[in-house]
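> Quick one: sequence and predicted model below, then my questions.
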Amino acid sequence: MKTEKLLELLNEMTLDEKIGQLVQVAGEVFLMDNVDTQTGPLKNLKLSNEMLYNVGSILNIVGCEKIRKVQEEYLSKNRLKIPLLFMADVINGYRTIFPIPIAQGCSWDIEVVRKCTRISIEEAGNAGANVNFSPMVDLVRDARWGRVMEAIGGEDPYLGKVYAKTMVEAYQGQDISKLGNAVACIKHFAGYGAVESGRDYNTVDMSQREFRQYYLPAYKEGIDNGAQMVMTSFNTINGVPATVNKWLLRDLLRKELGFKGIIISDYSAIEETINHGVSKDKKEAAYKAIMAGVDIDMMSNVYTNNLKELVEENKVPLKLVDEAVLRVLSLKNKLGLFENPYKNIDEQREKKILKSKENLEQARKLTSDTFVLLKNENQTLPLNQNSKIALIGPYTDNIAILGSWSMFSDKAKIQTLKEAFENKIGKENLFCAKGSQILEEKEINQILMAEGLEQIHTENEKEIEAKLLKQAIQVAKKADIIVLAIGEHYKQTGEACSRADIEISKIQQNLLKELKKLNKKIVAILFNGRPLVLNNIAKNVDALLEVWFPGTEGANAITDVIFGEVNPSGRLTMSFPQAVGQCPIYYNHYNTGRPHINNTRYVSRYQDIPTQSYYTFGYGLSYSNFEYSDIKISSKKMTKNTPITVKIKVKNNSTIPGKEVIQLYIQDLVGSVVRPTKELKDFKKVYFEAFQEKEITFQITQEMLKFWNENLEYKTENGEFKVFVGANSENTKEEIFEYEK
């Protein structure tokens with residue numbers, strides 16, 4: 001449809017019809033046998049039948065059969081036959097579930113992220129989804145925050161930019177109207193990863209320079225690469241909730257960043273500005289949100305029941321409503337829905353794609369690239385397939401390895417670790433025991449109570465735990481080596497899953513403690529959605545493999561790595577703390593006037609623990625042994641038009657081929673404002689044959705040296721810089737050069 005036709009359609013719409021396009025509801029209301037606005041989901045929304053058939057978009061209804069039914073029902077009663085948009089949360093896979101986003105980021109591999117994203121959206125797109133609420137590119141530095149699991153770039157702005165670009169391109173393709181593509185929605189705008197105390201939905205307060213330097217780049221990269229939608233965040237920015245923040249949405253996002261797509265609120269975020277204390281009622285919330293530039297109100301009745309009155313009272317210009325509606329109509333037009341509202345709906349094709357063996361094979365291969373080997377004392381791993389192995393722990397025979405955003409998954413396709421180990425080494429070599437629950441009953445009941453679910457009550461909980469522990473010890477005595485599968489409960493990580501204690505539960509730690517008494521080698525496999533405090537785990541095991549929540553093919557991928565068919569190559573994108581009291585902790589921190597010096601009192605330090613992280617950003621081991629030497633810089637002087645190169649020799653000094661992530665960091669030694677101790681500026685993931693040596697080359701450009709100065713100007717300053725190249729943010733070789741304009 002040409003722009004002229006869209007404008008004609010807009011002019012034909014009543015004010016109620018226009019407002020309807022700015023409202024999103026849950027699709028389940030259209031799947032009821034009798035839609036009743038007086039009961040059920042519509043009762044709380046106070047949405048009339050008339051307005052229901054004017055709404056512009058639907059949340060989390062997918063599947064060709066359902067979408068066809070909803071679209072047909074809707075169009076039969078919509079006067080102007082304007083099709084619905086179908087939006088969904090496909091965070092790390094649709095039917096085939098891939099590792100959670102933080103795990104994908106730990107691959108340090110653009111192609112891994114691209115393929116995971118592409119397969120996810122091809123499955124969801126062929127199931128009828130038009131818009132996906134991803135990628136989440138919030139910068140996160142605090143492991144207490146539950147949504148760390150969604151943070152593809154972790155604590156680093158450069159990684160965030162790289163992955164934002166990759167994912168937007170993978171979701172949308174060259175043409176979002178093409179089959180299997182969908183609209184990417186950048187979230188959460190903005191600064192959501194900096195919530196105080198790591199507590200979800202909490203306050204964010206930072207300087208604008210900090211915001212621009214670290215938090216803004218990934219959002220901007222996604223927008224610059226064509227993302228068609230941006231979701232607001234729940235938090236405040238400069239004391240104003242993001243969803244009604246006119247500076248954030250109109251001045252920064254629209255004018256400065258040039259975003260022309262749709263701004264959608266997060267779930268009921270407009271209404272929640274009343275709780276923030278900046279809107280006295282829903283009418284004021286609606287006024288502030290539309291004036292700030294929010295186009296779609298997700299899952300509240302704020303726009304539905306208040307915008308019309310605000311326009312009729314001349315408090316909200318009709319022009320603003322029309323602009324928002326035109327953006328919604330334009331997106332539907334870009335997707336080709338006016339010509340064919342059922343364009344992605346083909347039940348036969350959907351079945352074929354969702355049962356694809358190729359997708360499962362890809363998932364298995366991609367998943368193993370996301371694991372991070374944290375410890376491997378005396379080359380405990382890989383294991384010999386002829387060994388007698390005791391597989392113990394609450395994740396031994398457990399399919400809950402997908403993460404908390406896997407609502408559309410096919411659980412029938414998930415293998416457990418037990419099954420994967422049996423397939424790999426045979427039942428005769430494997431002894432299994434649960435060993436313990438993931439959490440004690442009181443701990444899981446806290447989670448269930450918060451969700452309004454029925455709680456568990458076991459009269460003999462202690463007896464059951466003692467029996468599980470006894471069985472584990474008996475099983476372990478039969479084996480040559482113990483493989484311990486432990487971690488967080490999947491309900492402990494994700495939205496609304498902030499934790500003040502980020503250690504493995506005491507009941508699992510006790511299991512490890514008792515197994516340790518047997519004096520056998522122990523390999524721990526860690527399932528979790530955030531960095532954890534691992535001191536007590538790491539010191540009591542011989543090898544530690546971080547597998548996050550690895551998805552549908554997770555168990556198979558784990559056995560591929562454990563038995564050496566795949567050499568682990570993942571690296572951490574977030575620092576693991578020594579203790580929760582260090583949070584937030586991140587590698588690219590500022591120096592202080594009194595930097596930490598050992599055995600010195602009046603410096604920036606803790607009395608009881610080290611200041612550095614337990615596992616640093618960029619850290620990860622391999623079965624190969626990589627050695628770095630001979631760092632060389634092409635010139636000690638650099639100017640705007642003469643970039644310099646850095647070369648370093650890297651050798652795989654082992655018999656095992658593998659991939660190494662070579663990382664480049666830069667430090668501005670003296671600036672007009674305090675600069676970080678180092679910042680990631682580039683990386684390369686390189687494959688090495690046994691004993692192969694390669695010279696790796698990086699180019700340093702002026703753009704890498706820019707920062708936001710004290711006047712909020714994005715510039716490069718003259719002076720000395722230090723360049724670091726190495727295996728992680730702490731283990732590096734370094735050189736110094738000088739920049740002159």
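Everything's here; your move.
> hang on, residue 730 in a strand?
No. Under DSSP: H, G, I helix; E, B strand; the rest coil, residue 730 sits outside any strand and is assigned coil.
> Might you report the residue contacts of it?
587, 612, 616, 619 (CB atoms under 8 Å, 6 or more residues apart in numbering). For every residue, glycine as well, the C-beta is placed using N, CA and C.
> Need the pLDDT of residue 527.
As predicted, residue 527 sits at a pLDDT of 98.
> got it, and residue 42?
57.
> Over to the one 3 residues further on?
At residue 45 the predicted local confidence, pLDDT, stands at 73.
> Look up how far residue 229 lies from it.
22 Å (CB to CB, to the nearest Å).
> Same check on residue 486?
From residue 486 to residue 229 the distance is 39 Å (CB to CB).
> Same drill for those two, tell me which one is more crowded.
Just comparing residue 486 and residue 229: by other CB atoms under 10 Å the higher neighbour count belongs to residue 486, 26 against 23.
> residues making contact with the helix or strand harbouring that one?
Using DSSP states H and E, residue 486 maps to strand 481-487. With contact meaning CB under 8 Å, 6+ apart, strand 481-487 is reached by 380, 383, 387-396, 398, 417, 421, 435, 438, 476, 504, 508, 511-512, 515, 518, 520-528, 537, 541, 562.
> distance between that strand and the chain's centre?
Distance of strand 481-487 from its chain centroid, counting by CA atoms, centre = their mean, to the nearest Å, is 26 Å.
> returning to what we had before: name the nearest of the contacts of residue 730 relative to residue 298.
Using CB to CB, residue 587 is the member of the contacts of residue 730 that lies nearest residue 298, at 35.2 Å.
> tell me the contacts of that closest one?
Contact analysis of residue 587 by CB under 8 Å, 6+ apart lists 155, 156, 575, 613, 616, 617, 618, 677, 678, 729, 730.
> quick one, phi/psi of the third one?
Phi and psi for residue 575, reported as degrees, to the nearest 10, are phi -70, psi 140.
> so what pLDDT did the closest residue to it other than its chain neighbours get?
Spatial nearest neighbour of residue 575, chain neighbours left out: residue 613 (3.8 Å); criterion: CB to CB, 6 or more residues apart in numbering. On pLDDT, residue 613 comes in at 97.
> for residue 469, same thing?
If you check residue 469, the pLDDT there is 97.
> what's the neighbour count on residue 256?
By other CB under 10 Å, neighbour count at residue 256 equals 11.
> And it, how close does it get to residue 219?
Distance from residue 256 to residue 219, by CB to CB: 12 Å.
> low-scoring stretches of this structure, by residue?
32-44 (pLDDT under 70).
> Mark out where each domain of it begins and ends.
Split into domains by automatic domain parsing, the chain comes to 360-582, 626-739.
> Could you single out the most deeply buried of the ones you listed?
domain 360-582 (a mean of 20; mean count of other CB atoms under 10 Å).
> So for that one, first residue to last residue, what's the gap.
39 Å (CA to CA, to the nearest Å).
> now swap in stretch 173-186 and tell me
15 Å.
> In that stretch, which of the residues would be classed as buried?
For stretch 173-186, a neighbour-count test (16 or more other CB atoms under 10 Å) marks 173, 176, 177, 180, 181, 182, 183, 184, 185, 186 as buried.
> Can you tell me which of those end up in strands?
Applying DSSP state E to the buried residues of stretch 173-186, the entries found in strands are 183, 184, 185, 186.
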